[in-house]
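Colleague: No sequence on hand, only this structure:
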């Protein structure tokens, strides 16, 4: 059987895209706008009021997710470990 190449329009395969490690400009701009708006609205006091109001708590958590870093970096001098606990169901042949 012949192998079929995936194409996009007239181009063979996907394009090169953004080089690895280059941040998305739109994401950085969005984070900057959110932080500027937060500062203008009252900073941490404003966020605390939004977090404690049941009507705006969901929006507050959505914004927190936008400004938190997406990578976890440890200290080279005292690295941290990640432990994964896996649960498997094993059935006997009885």
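Modeller: Thanks, I have it. As the structure is a prediction and not an experimental result, all values here were calculated from the model. Numbering: from 1, shown residues only.
Colleague: Check the secondary structure at residue 82 for me.
Modeller: Secondary structure state of residue 82, per DSSP: H, G, I helix; E, B strand; the rest coil, is coil.
Colleague: again but with residue 19, I slipped
Modeller: Three-state assignment for residue 19 (three-state DSSP): coil.
Colleague: OK, contacts around it?
Modeller: Counting by CB atoms under 8 Å, 6 or more residues apart in numbering, residue 19 touches no other residue. Just so you know, the C-beta spots here come from the backbone N, C-alpha and C atoms, and that holds for glycine as well.
Colleague: Any figure for the gap between it and residue 28?
Modeller: Separation of residue 19 from residue 28 (CB to CB, to the nearest Å): 16 Å.
Colleague: Heading C-terminal from the helix or strand encompassing residue 34, find the next helix or strand.
Modeller: Residue 34 belongs to helix 25-41 when assigned by DSSP states H and E. Downstream of helix 25-41, the first helix or strand assigned by DSSP H and E is helix 43-52.
Colleague: name the helices or strands packed onto the helix or strand that that next one is followed by?
Modeller: Sequence-wise, the next helix or strand downstream of helix 43-52 (DSSP H and E) is helix 57-67. Secondary-structure packing of helix 57-67 (3 or more CB pairs under 8 Å, 6 or more residues apart in numbering; DSSP states H and E): helix 25-41, helix 43-52.
Colleague: Adding distance to residue 59 and mean pLDDT, write these out as a markdown table.
Modeller: Listed next are the helices and strands packed on helix 57-67 as a markdown table, based on distance: least, CB to CB, whole Å; pLDDT from 0 to 100:
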| stretch | distance to residue 59 | mean pLDDT |
| --- | --- | --- |
| helix 25-41 | 11 | 81 |
| helix 43-52 | 7 | 85 |
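Colleague: Now tabulate these in JSON lines and tack on mean neighbour count.
Modeller: As requested, the helices and strands packed on helix 57-67 are exported to JSON lines (neighbours: other CB atoms under 10 Å):
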{"stretch": "helix 25-41", "mean neighbour count": "12"}
{"stretch": "helix 43-52", "mean neighbour count": "13"}
